[in-house]
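Q: Sequence and computational prediction follow.
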Amino acid sequence: MNSRTGIEYECLKPELVQEARHVLQELSAGGRVTVSLSSELARIVAKFLTASSEEGAIGFGPINPELTPEQAAIILDIDLVLLERRIGAGVLPCRELGGQTTINLVDVLDLKRNEEARNNLLVEINRAMENSDAAGSHPPIRE
């Protein structure tokens, strides 16, 4: 989740897209309908309903799975310089096609997940160190 905007991104597998299209046809028929959802599609629908019930407003729409560097930077909540560093370090793969750089959404989401997990771990380590310092459990510093 993007901490600044609260935006979440989902990259759907082809089978899930097909299921969504089928469910959409059933829902579009009008009237009262009962539909069956896979657990994965149900999870996405639940996220959508949760988000729409929190603030009473929600934005959604399709997104091309091939992103521009600017779009990738927004999702990662970093500037373009940091994005270029991640690409240069081989942390974030990209493709050059006709002079245009594209980055796969799945790669961006994987990197975001990994960086958030690493950052959360660092926060936990920092808290543990602060707690041990406050408790006086560290060895004395020798001069």
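A: Sure, I can see it.
Q: and stretch 22-31, what's its mean pLDDT?
A: Stretch 22-31 carries an average pLDDT of 90.
Q: Begin at 58 from now on, thanks
A: Right, with 58 as the first residue, what we last looked at is stretch 79-88.
Q: what comes up buried for that stretch?
A: Val80 (16 or more other C-beta atoms under 10 Å). Heads up, the C-betas are built off the backbone N, CA and C, glycines and all.
Q: Give me the contact list for it.
A: 90, 92, 94, 98 (C-beta atoms under 8 Å, 6 or more residues apart in numbering).
Q: Work out the gap between that stretch and the centre of the chain.
A: 29 Å (C-alpha atoms, centre = their mean, to the nearest Å).
Q: May I have it as CSV, with CA atoms only?
A: Provided in CSV are the C-alpha atoms of stretch 79-88 (Å, rounded to 0.1, in the frame of the first residue of the first chain):
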residue,chain,number,x,y,z
HIS,A,79,-17.5,-13.9,-16.5
VAL,A,80,-18.8,-12.5,-13.2
LEU,A,81,-19.2,-9.1,-14.9
GLN,A,82,-21.5,-10.6,-17.5
GLU,A,83,-23.6,-12.2,-14.8
LEU,A,84,-23.8,-8.9,-12.8
SER,A,85,-24.6,-6.9,-15.9
ALA,A,86,-27.7,-9.0,-16.7
GLY,A,87,-29.6,-6.9,-14.2
GLY,A,88,-31.9,-7.9,-11.4
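Q: returning to that earlier point: looking at neighbours, which among the contacts of stretch 79-88 is most surrounded?
A: Using other C-beta atoms under 10 Å as the neighbour test, the contacts of stretch 79-88 are led by Leu98, with 19 neighbours.
Q: in terms of contact, does that residue touch Glu76 like I think?
A: Yes. Counting by C-beta atoms under 8 Å, Glu76 is a contact partner of Leu98 at 5.5 Å.
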